[in-house]
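Student: Have a look; sequence and predicted model below, questions after that.
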Amino acid sequence: MNIVHVTHRAWPVIGGSERYVQEIARRQVLDGHRVTILATDADALPALWDRHGNRVGPGAPAEHQGVRIQRLPVRCLPLGRFSFPALRRFTWLLSRISGWAAQPLAWLSPWVPGLKQALREEPADLLFAWNITLEGLTAAVSRQSQQQGTPWVAVPLLHLGQPRFYTMRHQLDLLRQATRVVAQTVGERVFLLDNRLAPDQVRVVSPGVDSDAALRADGHRFRQKHGVEGPLLVTLGALGYNKGTVHLLAAAQRLWEEGCRLTVVLVGPVERAVQRAVVRLPERQRRYCRCLGQVSEDEKWDVMDAADIVALPSRTESFGIVFLEAWVCGKPVIGARSGAVGDVIEEGMDGMLVEFGDVTGLADALRTLLDDPKLAAEMGRRGREKVLREYTWDRQYSRLRVLVDQVMRESKG
């Protein structure tokens with residue numbers, strides 16, 4: 001069977017959704033399918049709207065783990081860093097009035113003129129469309145499905161903690177056209193059913209984690225390399241205001257002012273708000289903050305193994321794979337009580353939840369876990385048990401395989 005995934009970025013770009021797409025595609029190849037990912041040439045997210053944004057070079061491999069990857073150029077609006085946000089706000093306002101009226105603007109989010117032709121040249125038995133906030137990609141898949149009669153699966157990756165640009169009327173209209181829609185959590189499924197998607201249309205398939213990777217991790221190696229002693233707090237992902245990184249630093253400051261020798265390690269691409277927050281730290285506190293940027297997969301697992309606490313107090317998570325990665329290493333987690341995260345973390349059992357932006361609540365949660373190592377270890381143990389019971393890639397992919405088999409039987413019947 002020929003399977004085509006359409007998504008905004010693909011390997012070697014690193015990110016939660018990119019890992020999710022690649023893992024599913026890799027496993028489909030192992031099942032004997034011919035799998036292609038159609039992605040944009042964007043490296044950093046701003047390249048989706050800013051012509052000066054970082055792009056994957058022409059020398060990037062066109063295949064990874066048996067998955068063919070085709071990268072398509074993004075065409076950016078003039079002054080895209082200003083015009084694209086304005087376009088999105090106008091699209092949102094128009095969609096509130098009429099989903100039909102907003103549909104033509106969807107093709108500019110992002111604007112990938114070559115996608116229509118690429119879909120025609122990649123005859124597929126099954127299509128996947130990822131990430132509904134970039135609905136131009138999903139719209140192209142929907143149109144190809146209508147023209148060719150090909151079934152398609154939408155994986156919208158809804159960010160229900162900040163839903164404005166993920167749940168516009170025309171986006172939900174697109175999802176209703178899909179053969180199946182994959183929700184990552186029960187809460188996401190409930191939201192979709194409340195918005196008139198059919199119960200038989202929506203299935204829950206969550207991301208997974210590679211539990212074997214944690215066995216290769218060496219936290220001692222990381223601590224030696226970076227000269228880290230004492231308690232270690234880690235946050236991982238896109239480091240920005242909406243991810244709660246600024247608030248996490250402010251909470252750490254409160255502990256530093258109390259004399260706590262907590263080291264904070266920031267892993268991932270750094271946005272300006274976080275750069276400014278780090279620069280503003282007094283010198284005596286800045287030495288306890290390590291901003292590593294992007295790291296290799298091996299070092300990522302080493303830092304997870306070295307951590308005492310992993311925190312991601314974000315309001316823009318569609319799921320939070322970071323929590324699974326922390327748990328498989330036996331670490332307690334702190335998240336924001338926002339969107340899907342409340343479905344992933346069982347508060348008080350395998351982690352703690354705070355309101356987004358609540359610096360006092362974050363400081364209290366950190367203090368609680370640092371002052372009670374037994375509680376922290378117990379939360380980490382429960383988290384690991386939950387991952388091994390529910391969130392391995394083998395278990396989650398088996399659910400997707402059942403969904404795909406049902407779709408293909410229906411399309412042939």
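Tutor: It's in.

Student: Would you mind measuring from the nearest residue to residue 298 once chain neighbours are set aside to residue 370?
Tutor: Counting by C-beta to C-beta, 6 or more residues apart in numbering, residue 216 is the residue found nearest to residue 298 once chain neighbours are left out, at 7.4 Å. All C-beta atoms are positioned from the backbone trio N, CA, C, and that covers glycine. Distance from residue 216 to residue 370, counting by C-beta to C-beta, to the nearest Å: 27 Å.

Student: Those two: which has the busier surroundings?
Tutor: residue 370 (17 against 12; other C-beta atoms under 10 Å).

Student: Quick check: closest non-adjacent residue to the more buried one.
Tutor: Leaving aside its sequence neighbours, residue 370 sits nearest to residue 231 (C-beta to C-beta, 6+ apart; 5.5 Å).

Student: my guess is the one you found contacts residue 255, does it?
Tutor: No. In terms of C-beta atoms under 8 Å, residue 231 does not count as a neighbour of residue 255; the distance is 9.2 Å.

Student: Could you pull out the residues contacting both of those two?
Tutor: Between them, residue 231 and residue 255 have 262, 370 as joint contacts when contacts are counted by C-beta atoms under 8 Å, 6 or more residues apart in numbering.

Student: domains of this protein?
Tutor: Domain segmentation of the chain under automatic domain parsing yields 2-208+392-412, 211-390.

Student: want to try CSV for the ones you listed, with mean pLDDT as columns?
Tutor: Listed next are the domains of the chain as CSV, based on pLDDT from 0 to 100:
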stretch, mean pLDDT
domain 2-208+392-412, 93
domain 211-390, 94
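
Student: which stretches of the stretch 151-300 of the chain form helices?
Tutor: Residue ranges of the helices in the stretch 151-300 of the chain, as given by DSSP state H, counting those that start in this stretch, are 169-177, 186-194, 211-215, 219-226, 245-257, 272-280, 283-286, 297-306.

Student: Adding mean neighbour count and distance to residue 359, write those helices out as a markdown table.
Tutor: Conversion of the helices of the stretch 151-300 of the chain to a markdown table gives the following (neighbours: other C-beta atoms under 10 Å; distance: least, C-beta to C-beta, whole Å):
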| stretch | mean neighbour count | distance to residue 359 |
| --- | --- | --- |
| helix 169-177 | 20 | 33 |
| helix 186-194 | 17 | 26 |
| helix 211-215 | 15 | 31 |
| helix 219-226 | 16 | 26 |
| helix 245-257 | 22 | 5 |
| helix 272-280 | 14 | 12 |
| helix 283-286 | 11 | 15 |
| helix 297-306 | 21 | 24 |
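
Student: Can you tell me the element the closest residue to residue 347 other than its chain neighbours falls in?
Tutor: Closest residue to residue 347 apart from its sequence neighbours, by C-beta to C-beta, 6+ apart: residue 353 at 4.7 Å. Element membership for residue 353, per DSSP states H and E: strand 351-354.

Student: packing partners for that strand?
Tutor: Counting contacts by 3 or more C-beta pairs under 8 Å, 6 or more residues apart in numbering; DSSP states H and E, strand 351-354 packs against strand 333-336, helix 359-371, helix 373-390.

Student: Measure how far that strand is from the centre of its chain, please.
Tutor: For strand 351-354, the distance from its own C-alpha centre to the chain's C-alpha centre is 19 Å (C-alpha atoms, centre = their mean, to the nearest Å).
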